[in-house]
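*Asks:* sharing a model that was predicted from the sequence below.
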Amino acid sequence: MPLPIILSRWVHLVSACLAIGGLFFMRFIFGRGLGLLDLESSQRLLVHTRRMFKMLIHTVILLLLITGIYNSYLAWDKYDLDKAVLHALWGTHVLLAALAFSISLYVLAGVKPPRMHRGLMAVNFVILLLAVAAASTLKWAREKAILENSSHLPAAVDKQ
Amino acid sequence: MNIYFAHTLIFLFSRYLHIVCATILVGGTLFYEMVVPAAIDDLTPEQQLIVFARARWFSKWIVWACSATILISGAVSSFAHWDDYNRDQVFQVHASKESHSQPGELMELAPLARPGWWWAAHASCGVLSVIIALGLTIGKVPPNQPIRWMRLNLIILLVVMFFATVTRQTRIESTSPPSQSVEPIETLPQ
């Protein structure tokens, strides 16, 4: 069993989970939790949480870049099996991810959040979901291309 | 509508939902277990309780919806790959420079290379983590030591994701021929 491949995919998946789930709770849930606090405590808490979240996101972006490059390197020859579709999906995934990283870095830069931070975080959440959709479709299309390419082989035999 | 197209759409969509709901559960658990406690350290115990209680109330429906979606989409994906998970033999073709028509043979899969076993580990641990997540949000009062429960659940969720990754890898390996060792067309038994 190729452990580096499995570990790299696992780290990529976990990092994506932390980025998307963390962003969702930070933007849509945690803010509501501050509703009953006074304005000063609520602002202080938001800045504090943002600092913690920033450290998490910076680490996650680094891990996503490293594992993403490694995963692409491993699968690159398979993308030639159906160049038009697979390269288009891979490119879309990478572009959306790059856009999401840029927005995250901008929103979390500095001590205080930018004026449009709530809107930008919501947009970023949607972009991340689209990036996941592109990755999911890419994986399906790659498996299909591999199977179609070797369909003349009785690759595996059922138990029956 | 083309049946193949409909099946593809359903399986693709269920996989997508499965991943998105998993990201929300894992990311949310980590957010509440690691980010929030450190951030609310300066507040008074009463204020900490207010923040946690409000956030718990709002996240309750998210956790329930994600849990239901994960179970349903997981069942759909399992159905789609059921034959692969039940496979314990694989057809292997030997590469040979002298003869390109050497017949292949049925090989028993090693225990660790059987996708079905990894699937069973993924599914059972996944159900356990869903039960813990639901237990943390059921009722008006959270259970004792909620942070410890969340920490435990986070570890289980990470293990579940590892099992999912291995399941996929072993499934692909058991259904695809070893492309690097042989050109399939040239070595097929006639």
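*Replies:* Yes, it's here. Residues are numbered from 1 along each chain as shown, chains lettered A, B, ... in the order given.
*Asks:* point me to the residue of chain B nearest chain A.
*Replies:* B:Gly27 (1.3 Å; CB to the nearest CB). C-beta: built from backbone N, CA, C; applies to glycine.
*Asks:* am I right that that residue sits in a helix?
*Replies:* Yes - counting by DSSP: H, G, I helix; E, B strand; the rest coil, one finds B:Gly27 located in a helix.
*Asks:* that one contacts A:Leu23, doesn't it?
*Replies:* Yes - counting by CB atoms under 8 Å, B:Gly27 sits close enough to A:Leu23 to count as a contact (7.4 Å).
*Asks:* okay, now the unreliable bits of the chain?
*Replies:* Because you didn't say which chain, this covers chain A. A:1, A:151-160 (pLDDT under 70).
*Asks:* ah, I was thinking of chain B
*Replies:* In chain B (pLDDT under 70), the answer is B:1, B:89-106, B:176-190.
*Asks:* mind listing the strands for it?
*Replies:* Using DSSP state E, the strands of chain B run over residues B:89-92, B:105-108.
*Asks:* give me every residue that touches the closest residue to B:Ala39 other than its chain neighbours.
*Replies:* Distances taken as CB to CB, 6 or more residues apart in numbering or on different chains place A:Thr49 nearest to B:Ala39, at 3.9 Å, with adjacent residues excluded. A:Thr49 makes contacts with A:26, A:30, B:35-36, B:39, as judged by CB atoms under 8 Å, 6 or more residues apart in numbering or on different chains.
*Asks:* now do the SS call for A:Ala88.
*Replies:* Classified using three-state DSSP, A:Ala88 is helix.
*Asks:* distance of it relative to A:Ser15?
*Replies:* 24 Å (CB to CB, to the nearest Å).
*Asks:* more neighbours: which of these two?
*Replies:* For A:Ala88 and A:Ser15, the more surrounded residue by other CB atoms under 10 Å in any protein chain shown is A:Ser15, and the numbers stand at 22 against 14.
*Asks:* secondary structure element for whatever residue of chain A ends up closest to chain B?
*Replies:* Relative to chain B, the nearest point of chain A is A:Gly21 (1.3 Å; CB to the nearest CB). Here A:Gly21, judged by DSSP states H and E, is contained in helix A:3-24.
*Asks:* pretty sure A:Thr67 contacts A:Ile6?
*Replies:* No - under the criterion of CB under 8 Å, A:Thr67 is not in contact with A:Ile6, lying 11.5 Å apart.
*Asks:* who's more crowded, the two?
*Replies:* A:Thr67 (20 against 16).
*Asks:* list the residues that contact the nearest residue to the more buried one once chain neighbours are set aside.
*Replies:* Leaving aside its sequence neighbours, A:Thr67 sits nearest to A:His12 (CB to CB, 6+ apart; 4.0 Å). Taking CB under 8 Å, 6+ apart, we find A:His12 in contact with A:63-64, A:67-68, A:71.
*Asks:* kindly recompute the last result at 7 Å.
*Replies:* By CB atoms under 7 Å, 6 or more residues apart in numbering or on different chains, A:His12 lies in contact with A:64, A:67-68, A:71.
*Asks:* count of neighbours near the nearest residue to B:Arg171 once chain neighbours are set aside?
*Replies:* Leaving aside its sequence neighbours, B:Arg171 sits nearest to B:Pro115 (CB to CB, 6+ apart; 4.1 Å). B:Pro115 is flanked by 25 other residues according to other CB under 10 Å.
*Asks:* so B:Pro115 makes contact with B:Gln169?
*Replies:* No - the criterion here is CB atoms under 7 Å, and B:Pro115 misses it with B:Gln169 at 8.5 Å.
*Asks:* how near is the closest residue to B:Leu71 other than its chain neighbours to B:Phe52?
*Replies:* Leaving aside its sequence neighbours, B:Leu71 sits nearest to B:Val130 (CB to CB, 6+ apart; 6.7 Å). From B:Val130 across to B:Phe52, the span is 21 Å (CB to CB).
*Asks:* pick out whichever of those two has more residues nearby.
*Replies:* Using other CB under 10 Å as the criterion, B:Val130 and B:Phe52 rank with B:Val130 on top: 23 against 18.
*Asks:* give the contact list for the more buried one.
*Replies:* B:Val130 neighbours (CB under 7 Å, 6+ apart): B:67, B:70-71.
*Asks:* and A:Leu89, by the same measure?
*Replies:* Neighbour list for A:Leu89: A:134, A:137-138, A:141 [criterion: CB under 7 Å, 6+ apart].
*Asks:* output those of the residues you listed also counted as contacts of chain B.
*Replies:* Within the set of the contacts of A:Leu89, contact with chain B (CB under 7 Å from any CB of the partner chain) is found for A:Thr137.
*Asks:* which one of the contacts of A:Leu89 sits closest to B:Ala123?
*Replies:* Nearest to B:Ala123 out of the contacts of A:Leu89 is A:Thr137 (CB to CB; 23.9 Å).
*Asks:* my read: that closest one touches B:Phe11, true?
*Replies:* No - using CB under 7 Å, A:Thr137 is not in contact with B:Phe11, being 11.3 Å away.
*Asks:* B:Ala38: neighbouring residues, count only.
*Replies:* Close neighbours of B:Ala38, defined as other CB under 10 Å, add up to 12.
*Asks:* so it makes contact with A:Met55?
*Replies:* No - in this structure B:Ala38 lies outside contact range of A:Met55 using CB under 7 Å: 9.9 Å.
*Asks:* quick check: the closest residue to A:Phe30 other than its chain neighbours vs B:Pro142, distance?
*Replies:* Excluding the flanking residues, the one nearest A:Phe30 by CB to CB, 6+ apart is B:Ala55, at 5.9 Å. With distances taken as CB to CB, B:Ala55 is found 11 Å from B:Pro142.
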